[in-house]
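Visitor: Next input, structure requested:
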Amino acid sequence: MVVGVVGVLISAFVHAQMSTSNMIAYERSALALVSRGVQVLSSMEDVVRSSEQTLKAGTDILVVTSPYYIDNDAEVETIEYSRSGGNLYRRVAHGSAAYGDAELLLEGVTTFETNALEINDTFAATDYGSLLPVAVAGVMDVTTEDQVEYTVVELGALDVDAVSFYSAVDESILVPVTAGADQSITVAPALDAEGLSIQVDFTPIDGGAEYRPLVYGGEDSDIRGIAVVFADDSDVLLRLTNGGVQVAELAADSSWDPGSTYRLVLKFFEGNASAHMTNLTDATRPELVGTTSRSGIESARVQLQSITANKSARWDNLAIGYPVIDIHLGISLDSGGVENLYGGAKRRQP
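Guide: Down below sits the predicted model:
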């Protein structure tokens, strides 16, 4: 009897040891896979930080350009990450050369998703010179499945005035003196506020007028939205309105002058909005206009507005986008589960 009991105990002990060994082996294997995934994700984030342009982002793809990937010379490398057959690969093209061989980075990749969006428009005559005004067909959504960088023209018929008010002479959007009051130009579809950055070079041509060179919200920012305001008393303001009620108004220390060009930046972060102004004509340093809560405004379009009748202003070098590229990696584990890794990095500015 004793021998039998001892045999059962020994068998149970051996079985427990084998189970423990198998569990440890599975855990080590999972840890190795996740550790490799973290290394790959960290390497991708480093490449994004050094990149100057995002060419593609979306499902199973990320393509960026950087002159700093291999060395610090002027030659730009194009770095492509793609998922194929459950594996993650990287290819690099030097300058204008074709891509080199694909390098296997990670096996068992169930998900590879990246997200980025940029709207960059210098209003070059080559893009706008041959366009004819068309009926507004509604504001289209944008997707980053195939393309990251857009111009206002590529976004479709956002606003007929974006074409009819285009000035090919100085390659800008110019609201003419003959225009009526409250001229508004839509330059973006509805975009999520968090992390959004909007920049434009603005020149008020006439004094004694009110302009809203950047508006995020309804077509009339007095109804709903947040706007950088060039007031008719030459003050520069950050104005927040909600439901027709002015919630906040902050004033910059400097005033504006007709004929001078100002670079305006409006950014949204952690439920707040901030605006900066730089006088490009006088080459001043960036100045904070103000920072305020965005009062629950989560998704809206971007507009340019000239408020006073028979006054004109000029807009140029529009840049709208999210500086952070989001990355999602899903890794298949031997146990049958999936480990999801999330990361991202802010792309450097050229």
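
Visitor: pLDDT weak spots in the stretch 101-250 of the chain?
Guide: Applying pLDDT under 70 to the stretch 101-250 of the chain flags the ranges 129-141, 156-157, 177-181, 218-223.

Visitor: where do the strands sit along it?
Guide: 103-106, 109-115, 118-121, 149-150, 166-167, 172-175, 183-186, 191-192, 197-204, 211-217, 224-230, 235-242, 245-255 (DSSP state E, counting those that start in this stretch).

Visitor: Give me the contact list for the fourth one.
Guide: Same thing as strand 149-150. With contact meaning Cβ atoms under 8 Å, 6 or more residues apart in numbering, strand 149-150 is reached by Gln53, Thr54, Leu55, Leu117, Glu118, Ile119, Asn120, Val142. Every C-beta, even on glycine, is put in place using the N, C-alpha and C of the backbone.

Visitor: Let me have those in CSV, extended by distance to Asp101 and neighbour count.
Guide: Below are the contacts of strand 149-150 laid out as CSV (distance: Cβ to Cβ, whole Å; neighbours: other Cβ atoms under 10 Å):
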residue, distance to Asp101, neighbour count
Gln53, 23, 16
Thr54, 23, 24
Leu55, 20, 17
Leu117, 31, 21
Glu118, 29, 19
Ile119, 34, 22
Asn120, 32, 16
Val142, 33, 18
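
Visitor: that older thread, which among the strands of the stretch 101-250 of the chain is found nearest to Arg347?
Guide: Arg347 lies closest to strand 118-121 among the strands of the stretch 101-250 of the chain, at 9.0 Å (Cβ to Cβ).

Visitor: just so I know, which of the strands of the stretch 101-250 of the chain lies nearest Ala300?
Guide: strand 211-217 (4.7 Å).

Visitor: Asp127 - nearest residue in space that isn't next to it in sequence?
Guide: Residue nearest to Asp127 in three dimensions, not counting chain neighbours: Val153, with 5.3 Å by Cβ to Cβ, 6 or more residues apart in numbering.

Visitor: I'd like the average pLDDT over the strand or helix carrying Leu55.
Guide: Assigned by DSSP states H and E, Leu55 belongs to strand 53-58. Mean pLDDT, computed over strand 53-58, is 89.

Visitor: helices and strands around the helix or strand that it is followed by, which ones?
Guide: Using DSSP H and E, the helix or strand that directly follows strand 53-58 along the chain is strand 61-66. On a contact count with 3 or more Cβ pairs under 8 Å, 6 or more residues apart in numbering; DSSP states H and E, strand 61-66 meets helix 2-50, strand 53-58, strand 77-84, strand 109-115, strand 324-332.

Visitor: Show the low-confidence segments of the stretch 251-350 of the chain, by residue range.
Guide: 349-350.

Visitor: Going along the chain, name the strands of it.
Guide: 262-269, 272-279, 287-293, 299-300, 302-306, 313-321, 324-332, 338-346.

Visitor: By mean pLDDT, show me the worst of the helices and strands packed on strand 61-66.
Guide: Across those, helix 2-50 gives the lowest mean pLDDT, at a mean of 70.

Visitor: As CSV, the strands of the stretch 101-250 of the chain with distance to Asp316 would be great.
Guide: Shown next, in CSV, are these (distance: least, Cβ to Cβ, whole Å):
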stretch, distance to Asp316
strand 103-106, 41
strand 109-115, 28
strand 118-121, 9
strand 149-150, 17
strand 166-167, 10
strand 172-175, 4
strand 183-186, 13
strand 191-192, 20
strand 197-204, 5
strand 211-217, 11
strand 224-230, 15
strand 235-242, 18
strand 245-255, 20
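
Visitor: All good on my end, thank you.
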